[in-house]
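Novice: got a predicted structure plus its sequence, pasted below:
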Amino acid sequence: MIIVDSADNTRVFADGTSVNAGSARLQDYLPHSDKGKILFTTRSRKVAEELTPSHVLELDDMSKTEARQLLAGRISKPALLGDGEAVDQLLESLEYLPLAVVQAAAFINSNNVLVSEYLSLFRTAGTETELFGEHFEDSSRYRELESTIARTWHISFDQIRKQDPLAAEYLSFIACIDRISIPRSLLPPGSSVLQQTKALGTLKGYAFVTERQQASQEPGSEKCFDMHRLVHMASAWWLEGRGERSAWTARAAARLKELVPHGGHEKKEVWTRYLAHAIHVTRSDSVLEETAKASLLNRIGRCQTSLGQYSAAETAHRQALSLRERKLGNEHADTLMSISNLALMLDRQGKYKEAESMNRETLARYEKVLGPEHPDTLASMNNLAVVLKSQGKYKEAETMHRETLARKEKVLGLNHPDTLMSMNNLAVVLKSQGKYEEAELMNRETLARKEKVLGPEHPSTLMSMSNLAVVLKSQGKYEDAESTHRETLVQREKMLGREHPDTLASMGNLAQVLESQGKYEEAELMDRETLARHEKVLGREHPSTLMNMSNLATVLERQGKYEEAELMHRETLARYKKVLGQEHPDTLMSMSNLAVVLKSQGKYKEAESMDREALAQREKVLGREHPDTLTSVYNLAHLLANQHHFTESRALYERACAAYAIVIGEDHPTTRTCREHYREMLALQKQDRSTLSSAVPPTDIVNIPNKKRSKLSRGLAKMGIKSSKCSL
């Protein structure tokens, strides 16, 4: 047998070995006989196919067991191996590459360090290149061959540069992006599909990239590739050594800017393939021009917003803003856009005060720089109005939304998506003030236009569907509300995924309408699942998480699970006070709900104190005729009747019933149950008077049959997407 080792260059075999014409080729010296075998080893599959096209044996990657055996056999002192967990983690990090394992063992031996210590060094940023660029002695390799893994690959990189320039371009480009799931469409275009295919074939032939198994075999599904972690590191070092890394990083950023949009629903399944690569480029330690980096960060932030990744989007927008302020100044249009984007992310995470301050600052600069009717100015007005509503400043928010809508209709037209978004937001703030009929009409009109302009499955259309269902529930139209919420939830799970904040909002809204219909067990299950996801996705103190906690506590109270409900309401109220402040409508809602469960346990004094405080604050913050204020009036009237304080209870019942009839209508379930309880209070008062000298205790309202109490509970007015659970 003849062994030809490291046959990586076919020219050595095919071309003459000297400059003299007619000189023999190396392959001319290889015998042709069936009496023996010639074994070629090569790093290039292309070379292997040319030398022995029908007898190529490809070595598989080492298994974990084989890698353990190789490392253990190379370590001079068994004690240096340490625990098996560190060994497995190191081998996994080296991806079971034999030369990498041998080089790691050589370092461990020569420096007398444990495997765990080497692993810690390897994981330190910037150290990998030093470790794998360091020379080590290996008696199993020819003296003239490079022994370091990095330099071994660099020889191959240089060969590729000479033999296949496009493959070298791909290698350089991939060195600057993420090494996992690289779409073919992301790579720099070649002169032809054939040229691209051959270039990728070269990299696959050297085992520098591997083709991923496609999860989908549908026509048009794109091929994606992975690069070995250490190859990725070595190729970046190779570029650095040639002084080309910054240029290639800039080229990668420019390519990604072409492909990554400013977020949005359209072609999301396409741009999500590129997002990880864009993030990798912005995190690179290679120098990238600041305006280019800021532009890419802005796109990343917008895409993360579309995916509901608000914390990550905030980070991206803060970085973009810092770069733009330094490079472009405070009043440049791009800087203002970054401020606006950042403020929006703060609002989405419940950081309302900072968001309001930032939005006011941005709006003032937009009006100065671009004028009061520029689309960016109008977008800034809308964002400010949204964060005002989030803080319960409903009147100011309504005024600003109406003004923004009027300007958008004038500047952009009636059916522009931004105009429709303003209509949607105005409808939400109307509903938050108990103006249900106007809110329903506006929601229906907005939904119809969005279905026409954006399509029935667009996230913005689904938002309007959700808002319509919420206002239907607020009017006691529970069956319609449930049907619409279920449809919205199905569509959001399909379009946005199960953990997107909008999907979680739909789950919470559906649970609320189920509870309103007395479907407590189903509502509890859905509330618990939604709460777990909210805590995972948005955090334990996000306003949406707190609303979900409040809703779950309420449905527990409905089922008589008073102790658990009380504990959850107390925890929710404490967090609301911390996050939103003492006077926010959602804090007052939580206070009212805690009073309900206290009353259910007969803790009348504490419940009365809490109900009176909630009523006083709601009258101050929301006004005397807001549905939430009327719920506090109603709750206090009911509580006082339970304590036989009939004079004040009667006055409060009369106020609540009269105002409900005007604000939400005579036929609303809340109005009807309020009147029913008022009549029961009068009957109890009459009974109380007639039995003053009797030994038989009077009937207590708290002992009203469960059916009637459930009917009352289901009828209470509730608020918006962030539904105020204010009930008995």
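Specialist: Done, it's in.
Novice: so where's the stretch 101-250 of the chain uncertain?
Specialist: The stretch 101-250 of the chain contains residues with pLDDT under 70 at 125-152, 214-221.
Novice: quick one: the strands in it?
Specialist: Under the criterion DSSP state E, counting those that start in this stretch, the stretch 101-250 of the chain contains strands at 182-183, 209-211, 224-227.
Novice: format those strands as JSON lines; extra columns: mean neighbour count and distance to Leu556.
Specialist: To be clear about C-beta, it is placed using only N, CA and C from the backbone, and glycine gets the same treatment. As requested, these are arranged in JSON lines below (neighbours: other C-beta atoms under 10 Å; distance: least, C-beta to C-beta, whole Å):
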{"stretch": "strand 182-183", "mean neighbour count": "20", "distance to Leu556": "48"}
{"stretch": "strand 209-211", "mean neighbour count": "16", "distance to Leu556": "52"}
{"stretch": "strand 224-227", "mean neighbour count": "20", "distance to Leu556": "47"}
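Novice: got the ones you listed as a markdown table, with distance to Gln304 columns?
Specialist: Formatted as a markdown table, the strands of the stretch 101-250 of the chain follow (distance: least, C-beta to C-beta, whole Å):
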| stretch | distance to Gln304 |
| --- | --- |
| strand 182-183 | 19 |
| strand 209-211 | 27 |
| strand 224-227 | 21 |
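Novice: hmm, who's touching the helix or strand hosting Glu479?
Specialist: Assigned by DSSP states H and E, Glu479 belongs to helix 478-495. Contact with helix 478-495 is made by 265, 456-457, 459, 462, 465-466, 468-470, 472-473, 500, 502-503, 506-507, 509-510, 513-514, 516-517, 714, as judged by C-beta atoms under 8 Å, 6 or more residues apart in numbering.
Novice: switch the cut-off to 6 Å
Specialist: 457, 462, 465-466, 469, 472-473, 502-503, 506, 509-510, 513, 516-517 (C-beta atoms under 6 Å, 6 or more residues apart in numbering).
Novice: in helices only, show me the residues you listed.
Specialist: 462, 465-466, 469, 472-473, 502-503, 506, 509-510, 513, 516 (DSSP state H).
Novice: pick the one among those closest to Gly581.
Specialist: Asn509 (24.6 Å; C-beta to C-beta).
Novice: so who does that closest one touch?
Specialist: Contacts of Asn509 (C-beta under 6 Å, 6+ apart): His485.
Novice: quick one on the thing from earlier: filter the contacts of helix 478-495 to the buried ones?
Specialist: The neighbour count (16 or more other C-beta atoms under 10 Å) marks 462, 465-466, 469, 472-473, 502-503, 506, 509-510, 513, 516-517 as buried among the contacts of helix 478-495.
Novice: coming back round to it: next, the angle from the helix holding Glu479 to helix 501-516.
Specialist: 160 degrees (axes from the mean of the first three to the mean of the last three C-alpha atoms, to 10 degrees).
Novice: now the helices for the stretch 51-200 of the chain?
Specialist: For the stretch 51-200 of the chain, helices defined by DSSP state H, counting those that start in this stretch occupy the ranges 64-74, 84-93, 98-111, 115-123, 127-133, 149-163, 165-174, 193-205.
Novice: sorry, slip of the keys, the one I care about is the stretch 501-650 of the chain.
Specialist: Under the criterion DSSP H, counting those that start in this stretch, the stretch 501-650 of the chain contains helices at 501-516, 520-537, 543-558, 562-579, 585-600, 604-621, 627-642, 646-663.
Novice: using CSV, lay out these together with mean pLDDT and distance to Val4.
Specialist: Listed next are these as CSV, based on pLDDT from 0 to 100; distance: least, C-beta to C-beta, whole Å:
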stretch, mean pLDDT, distance to Val4
helix 501-516, 95, 60
helix 520-537, 95, 57
helix 543-558, 95, 66
helix 562-579, 95, 71
helix 585-600, 94, 76
helix 604-621, 94, 86
helix 627-642, 93, 85
helix 646-663, 93, 92
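Novice: relative to Val428, which of those helices is closest?
Specialist: helix 501-516 (12.1 Å).
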